[in-house]
Structures are given as structure tokens and as C-alpha cells.
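Visitor: Quick one, structure for this:
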Amino acid sequence: MLGTRGHFRTENPTKSPSPQTLVYFSLFAMQPNRHSAYLIIRQGNRWTDVFRLEGGQTLVIGRASSNEIPVPDERASRRHAEIYSEGDTWFLRDLGSRNGTLLNGSKIDAPTPLSAGNQIVVASCRMTFVLSLTDYVPPTNDPDGTNDSPASQTQSDLPPSITHRQSKAAMLEGADAIRREVSQGAGFGQGTRAGLEVLKLAFELAKLTSADQACELALDSLLKATRCEAGGIIKFEFRTQDSESDALGTKDALGTKDALGTKDALGTKEEVGTKEESGMKFGRTVRGNTSANRISIAVLAAHEVTGKAYHPPSDSVIQSILKDPSAILARNVLSDPNFVGGPESSGSHVLTTTSLIAAPLRLDDSLFGVLHLYSRVGRSELTPEDLEITLAVAEVLSVSLSNLTRQNSLVSKLQSTSTRLEELEKQIGHTDWIGASAALKALGEQVRRVAPTQATVLIRGESGTGKELVARAIHDASSRASKPFVAINCAALSPTLLESELFGHEKGAFTGATDRKIGKFELADGGTMLLDELGEMSLEIQAKFLRVLEGQSFERLGSNKPIRSSVRVLAATNRDLEQAVEEGRFRSDLYFRLRVIELKIPPLRNRSEDILPLAEHFLGRFRAFSGHGPTQFSDRAKEAMLAYQWPGNVRELKNAVERAHVLATSDVAEPEDLALSHLKLPGTRLPQEVAGGIGENIPQERVFREQTLEEIESEHIQATLKYTQGQKNRAASILGIERSTLDRKLKKYQS
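Guide: Residues are numbered from 1 along each chain as shown. Presented below is the predicted three-dimensional model:
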């Protein structure tokens, strides 16, 4: 096709003329002309146009756009040289250019006649003078020694543009090609070697645990593979306009502060971090197409030659990646702000960058950032082969970053779960024992001696004394601490369900057994199992349980397959097993098998010095969990707790403290907030009997006298009203009745 100035333009300027193109040349050459002279024009080592020379015509070559042959190169003068004819001869004349005009590699000082095949060079523009297009032979070497192969060609004088866009790296899908080359003994080609380098990088990235290290390693490997000297890895942080707390000119996402009010390619102002100290991460805010969205970019890794500062990609490049997340290769970007930013923001960088590559980085299905390379004037331009390698490295790095993100998330969740587990253990009492009584210290010493052994332990004590807490302490101090601790309440299940819980069952073993169930003995394999309320076992289960204690195998319900399990058994009971053995409700052989080591937990009333430390511990826990409630007990509340006999032991104390935490209306909990039980056990005292000061001697027993229940109730109500100084609401709270009920009883007894 004809060029814009009457010259011939090829359909593909990146290659030498094809046979089809030469046909066009021949047809064009057959047109009438007087001298049949032509100029084959090659810009930047890529031939682009065919210009027909007509007799009597003068062609000016130079940088000015009004010239017949414009040369968009700073090294060319505005009117650099001219070609004119005299008779049948064409001449080349230099017009006083500052860099000179070359003819066949030599500068000319005077008008010089041209002959077929002469090579003319003006800056980056190379021309071949021919008399017939059919005689044109592409030169194998340029006069300055550069060859015409695609690898060495440059596009520095073509219009700036994105020349390649690619979404997938072919080399990552080329395992068959590598295998084929090796099997055929062909050795490794350049593409295969690059693929092996990417494979090596993938193995090295798999060993890293830090995203920063992964970015640095990937960038170094890529620069080495492409022989490029400048590049970086950019991270995107998407934000909305409403969510931003800082305006332009304030600290950006990475904490840098340096407002450069420059216009970006979209016509909006941006904030650019300009600190370029070695190793410093910096960032800037990029505006999107709408005012609602903004993107903060941060540099995770960067490299430049010594004395040069790394420059992130322009906003136009970033927006191109956002619109179409494919890798791009842009060439001929010299001085183009759409690719390298405006001159106010980038300085000499704009005048030196010639080509760039930007490949997207993905985190799972989201766009994470960009892998960015660029070349400067005087260095090799980036090629489609470099784009292929960059895209492959970007894909490998994306997988590595995704894996590291998931790994860090799992570590964070594990730490959070571990912290939460510790908090839950504190809430349910799995902490150090609270108290300093001699009885508690003696029990702790027994636990420390028993825990390292494999002996079966029988833990005895009243309900609420903390038998499970002692069992857990034994497990935690044993060699089985890393294995499961399984507790089961034998009194809460029927004999059939208890057997299923202990030994498991097969599908269909009984009505409702819709699936196989693994028993507690199997679940606790290698660990410890606590059988609470052991005295509630039926005799049948006791016999089967005894076999397991003796090291024998057991079977699931509905199965005859023997199962063995290594479990340390701890038993706990508040029943009188000796009496149960005498009455035939408990097997004597099982009793003796369980009573290898016997630990007795003293009731709380026998270690009164532990009452207040336990109460303060529980109160602190409840307040820490809820964030409100009383901070201490009054002296009267302490006196009431010390006087009370705590038939429910530590469990009752904990419940009473929780009740005070909920009901107290001030920072000090009173006895009325505790609302202690009226359950009277032999040798115990009721809280309302503690009416005097601390240490007042109140008799433990009363002299019996005949009284009706109404008389006892009336006396007790009057004593309570006297204690509360006539405050009926407070008295009703102590008595555990409604105010209206108290008024009704008072009216009844006063009538």
C-alpha cells in the first residue's frame, strides 16, 4: 500500500520483504517513471517505507515533520540532508547537520553521486538507494556492524505503543517440549533454559517463609534471566474514597510523606513517595477512573543500577493492567508520559526509558500487584521473549505469595486458637490450684508423685470439691500430656448408652444406631480417661470394664472384632464404695483394681483458709470476662463466707460468687448478693447467724425446745428483720421470698 507521502509502506515492517511484497514492488516498478530510483527506508533497523524518486524532485531528510522524509530522532538536525537529481544522476548532500550524514559508512562533506545499493544513514534512519525494486537485497549487516536479526532490532523510532499483550506463559505449559528436546539429544534451547530457570525459582520460593524474601528472590532471578537492570514488584491496596482518613499530601499506605502535585496520565493529581534511600519501601496513591475508588501502591522489592532511583509504572500502565489483567510489553515509550509519567514527577527518567514490561500478580482470584521491568537508552530493549519469562516468573511468584498468605493465615489462626484455648481452660478452672491450706498442699504433693507413673488412681471427695481438676492435673503432669484427656460421667447415661459410650457400637447394633460410633476407650488411646461417678456403673459393665483394665481387648457393640487400647484410667466418686461392695452393688475385684492409688480431696469447710482466695479468684475472672461488676467483697460478705459450711464445696462457692457478680449494685459485694443457701448440715452455721463482728463466738448447736414450724418461721423472720434493721426488701432477699410474701406472713403472724 502507498505511504502518506506517495511512498510504498509494507504491511509488516518487522520483517524483510516477503515474496508477496516483492510482487507488489514489481508491479509498482512497472509504472512509468523517468529514472526508476527508489529509497528503501529502514527506521531503527526495521525497514518501513519505499519512497519513489522522481526526476526534478528534491527530498529533504531531517527531524522536522514538514520534511519529505522525517526522522523523529534527537540526533537528527531539523534539515539534515537532501537527495536531488541532475540529469540522470542522483546526489546526496549534507545540509550542515551536527552529527553528519553517512554514505556506505563514511561521512560526506560534499554532494556525492548515488549508485544502486548505496547505504545512507541519518541518525537512526537507514536507507538503501536502488534503481529497481526487483534488485533490492536486504543487507545482512549494517554499516555500523549491527545485524538485522529480530533479536537485535530496535523500535526506538516507531510510535510508542503496547506491542504485545499476553495472559499465560507458554513455557509453564511446555514440559512436553523440554522432555522431547532431552530425549532427542538436541540439548537445551534458549526458551528451555529460561523454563529451567523458572523451575529452579519455583523450588527456591517453596523454601521461603516470608513474602518480602519471595519478592526479592523473584526479582533478582528475573533480572538475571532477562539481563535487564531495572525493575520492581508493586502491591495494590484498593480503597474507597469514603474509607480514606487522609487526604492528598498526608501519609500514604506505607507511612511516607512527600506530596508531589503532578498530573498523572488521567489528569488527576497523585501522591508519590519520593524517598529513594537504599532499601526503603515507598508508595503513592493512584486515582482510578471514578472518584469513588483509589489505589495505593507500595513497592515490595526494587532494583536499579548504582546511582539511579527505581521508578514505579505510570498510572496509565496500572490502569491498563486493572482493565485487562494481562502482561504487556510497551516499546518506543521514550518521553511518553502515558508510559513513564510526566516530566515533573520523574525527572530524567522520562528521557531515558525506552521499553517496559508489566505483568500482573494474582493472589488466588484477586489482583495483587504488578511485576515491572524497564530498560533505559543505551541498554538492550525488552523483547517478547523477555515478556514470556516475566509472565512465567509472575505466575510462579503469584502461587508462592498465595501459599505464603494461606500459611501465615493458618499460623495466625493457630496462635489465636491456642490463646483462646488457654482462656477457656482458665474459665473452666484448668489453672494452678488456688489456696494455701495445708490439706491442699499435701494433695498437690501426692499428685506430683503419682502423675509420672502409670498407676490407676481412685479420686474420692464430696461433690464439687474438684475431682476432675485433680484428674486433669495428673494427666498434664504425666508422659501422656500430649495425648487426649477424655472424661465421661457414668451417672448421666443408661447402662446401654454407657456401654456404647465406653466401647462404641456398630451400625444397627441397637435401635437408633444409624452409624458406627467410636468409643471413649478408642478415642483416649495413648492418653487418659476419667470415669466420674464410677459407683453408678451396672454390674455387667463393671465386668467388661475390669477386662479392659487388665489389658484385655474389648469389642464394639454389635461387633466381634477385638480392639486394644492403651489408656490410663482415673476413677472418681463421691459414693461410699466400701458400703456398695458390702451390699453387692459394686464388684470387689474392680474395687481393688481401681484402688491402686487413692487420693482424697478434703471438703472446702475443712480448709477455710482457701475460701477467700478462691472467692477473689472467681470474682476477678467474672469481672475480666464481662468487663463490669463488683471488684471486692465487703467485710460482712467475707465473714459470711468464712462462717458458711459450703455443702456444695468449691462448685457452690463459684456459683455464689457469680451470683454476687450479677446481683451486686456497687463495686462491693454484700452477703445479700451472695444469697447463700439455707441448707443445714450437721455442724454448719447459717449466714444470718453471723450477726456480729469478725471472730464473734456463735454456738454451733442449739438447745432443743418444742416449737411448731410456724413459730420457728415467725422467729426467724423477726430475727432477719432485726438483722436488716427493718429493711423488708433486704430481709425478703435473705429469706429467698418475694416482698409481697413477706408482708403476707408478717400480717398473718401479727394477727
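Visitor: chain center to the helix or strand where residue 422 lies: distance?
Guide: Per DSSP states H and E: residue 422 is located in helix 384-427. Taking Cα atoms, centre = their mean, to the nearest Å, one finds helix 384-427 lying 5 Å from the centre of the chain it belongs to.
Visitor: Let me see the contact set for residue 212.
Guide: Neighbouring residues of residue 212 by Cβ atoms under 8 Å, 6 or more residues apart in numbering: 300, 301. For glycine as for every other residue, the C-beta is placed from the backbone atoms N, C-alpha and C.
Visitor: now do 7 Å
Guide: For residue 212, the contact set (Cβ atoms under 7 Å, 6 or more residues apart in numbering) comprises residue 300.
Visitor: coming back round to it: now do the helix holding residue 422: which elements does it pack against?
Guide: strand 161-166, helix 190-206, helix 211-226, strand 327-331, strand 353-363, strand 366-376 (3 or more Cβ pairs under 7 Å, 6 or more residues apart in numbering; DSSP states H and E).
Visitor: strands paired with the fourth one, and their directions?
Guide: So that's strand 327-331. Partner strands and pairing direction for strand 327-331 (DSSP bridges) are strand 161-166 (antiparallel), strand 353-363 (antiparallel).
Visitor: Give the rounded mean pLDDT of it.
Guide: Strand 327-331 carries an average pLDDT of 82.
Visitor: Pull out the buried positions in that strand.
Guide: 327, 328, 329, 330, 331 (16 or more other Cβ atoms under 10 Å).
Visitor: so, if you compare the residues you listed, which one comes nearest to residue 419?
Guide: Nearest to residue 419 among these, counting by Cβ to Cβ, is residue 327 at 42.6 Å.
Visitor: doesn't residue 391 make contact with the closest one?
Guide: Yes: between residue 327 and residue 391 a contact is recorded at 4.4 Å, counting by Cβ atoms under 7 Å.
Visitor: What residues does residue 113 make contact with?
Guide: 89, 91.
Visitor: hang on, I meant residue 94
Guide: For residue 94, the contacting residues are 81, 100, 101, 108, by Cβ under 7 Å, 6+ apart.
Visitor: Any idea what it is bridged to?
Guide: Assigned bridge partners for residue 94, using DSSP bridges, are residue 81.
Visitor: let's have the chain start at 28 instead
Guide: Yep, numbering from 28; the last one is residue 121 now.
Visitor: gap between it and residue 523?
Guide: To residue 523, residue 121 is 112 Å away according to Cβ to Cβ, to the nearest Å.
Visitor: just to revisit the earlier point, closest to residue 485 out of the contacts of residue 121?
Guide: residue 127 (108.7 Å).
Visitor: What distance do you get for the residue of the chain positioned farthest from its centre to residue 159?
Guide: Centroid-distance maximum for the chain: residue 114 at 79.6 Å, with Cα atoms, centre = their mean. To residue 159, residue 114 is 19 Å away according to Cβ to Cβ.
Visitor: Helices of the stretch 678-778 of the chain, start to end?
Guide: 698-701, 736-750, 755-762, 766-777 (DSSP state H, counting those that start in this stretch).
Visitor: For residue 530, which of those helices is the nearest?
Guide: Of those, the one closest to residue 530 (Cβ to Cβ) turns out to be helix 698-701, at 44.2 Å.
Visitor: Against which helices or strands is the closest one packed?
Guide: Against helix 698-701 (3+ Cβ pairs under 7 Å, 6+ apart) you get helix 662-670, helix 676-690, helix 755-762.
Visitor: okay, now residue 646: neighbour count?
Guide: 22 (other Cβ atoms under 10 Å).
Visitor: what about it, which SS state?
Guide: Under DSSP: H, G, I helix; E, B strand; the rest coil, the three-state class of residue 646 is helix.
Visitor: Which residue, other than its chain neighbours, is closest to it?
Guide: Ranked by Cβ to Cβ, 6 or more residues apart in numbering and with sequence neighbours excluded, the top spatial neighbour of residue 646 is residue 684, at 5.3 Å.
Visitor: Ok, residue 142 next?
Guide: That would be residue 156: by Cβ to Cβ, 6+ apart, it lies 7.4 Å from residue 142.
Visitor: Return the helix or strand in the protein with minimum mean pLDDT.
Guide: Across the helices and strands of the chain, mean confidence by mean pLDDT, DSSP states H and E is lowest for strand 289-290: a mean of 32.
Visitor: about what we covered before: so the residue nearest to residue 142: helix, strand or coil?
Guide: strand.
Visitor: Touching, it and residue 148? I think so.
Guide: No: between residue 156 and residue 148 there is no contact under Cβ under 7 Å: 11.9 Å.
Visitor: now residue 437: how far from residue 252?
Guide: On the measure of Cβ to Cβ, residue 437 and residue 252 end up 32 Å apart.
Visitor: Comparing these two, which residue is more hemmed in?
Guide: Higher neighbour count among residue 437 and residue 252: residue 252, with 19 against 10, using other Cβ under 10 Å.
Visitor: which one of the contacts of residue 121 is nearest residue 759?
Guide: residue 127 (114.9 Å).
Visitor: pretty sure the closest one is touching residue 134, no?
Guide: Yes: applying Cβ under 7 Å as the test, residue 127 and residue 134 come out as touching, 4.3 Å apart.
Visitor: okay, the two: which has more neighbours?
Guide: residue 127 (17 against 12).
Visitor: How about the contacts made by that one?
Guide: Under the criterion of Cβ under 7 Å, 6+ apart, the neighbours of residue 127 are 121, 134.
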